[in-house]
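*Asks:* Provided below are the primary sequence and the corresponding predicted coordinates.
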Amino acid sequence: MNPRTQAIAYRIWCHADPRGWDVSIPELAEALEVRKGVIIGVCQHKGWLDRLRVARQDRSGDGRWSEAPLHVRRDAALEDMGRL
């Protein structure tokens with residue numbers, strides 16, 4: 001990891017760890033003002049994706065994100081995140 005991505009990883013950790021990793025990719029992106037794709041890449045590199053709360057994009061067309069129902073399989077949700 002280069003210094004920039006290390007700094008982003010530290011910021012992700014600083015935001016997520018005190019919250020027990022009960023945050024989603026879109027929440028991290030908004031809080032840190034970093035693109036979702038960058039958050040995904042850093043979390044994937046660090047092995048943190050499975051710690052984060054799963055979110056899915058609302059298919060109504062307004063582009064908003066909502067929490068995934070508990071019955072949604074985690075790996076299916078990760079596939080959805082890969083399309084960000």
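*Replies:* Arrived safely.

*Asks:* Pull the number of nearby residues for Ile8.
*Replies:* Neighbour count for Ile8, taken as other Cβ atoms under 10 Å: 19. All C-beta spots, glycine's among them, are computed from the backbone N, C-alpha and C.

*Asks:* pLDDT weak spots in the chain?
*Replies:* 55-84 (pLDDT under 70).

*Asks:* mind checking the longest helix of it?
*Replies:* helix 3-16 (DSSP state H).

*Asks:* I'd like to check the angle between the very next helix or strand once past that one and helix 3-16, please.
*Replies:* Per DSSP states H and E, the first helix or strand lying C-terminal to helix 3-16 is helix 25-32. Helix 25-32 and helix 3-16 meet at an angle of 100 degrees, taking axes from the mean of the first three to the mean of the last three Cα atoms, to 10 degrees as the criterion.

*Asks:* For stretch 14-34, buried residues please.
*Replies:* Within stretch 14-34, the residues scored as buried using 16 or more other Cβ atoms under 10 Å are Ala16, Val23, Ser24, Ile25, Pro26, Glu27, Leu28, Ala29, Leu32.

*Asks:* How about the contacts made by the residue nearest to Val34 when sequence neighbours are not counted?
*Replies:* Nearest in space to Val34, with sequence neighbours left out and distances taken as Cβ to Cβ, 6 or more residues apart in numbering, is Ile8 at 6.0 Å. The contact partners of Ile8, taken as Cβ atoms under 8 Å, 6 or more residues apart in numbering, are Leu32, Val34, Val38, Ile39, Val42.
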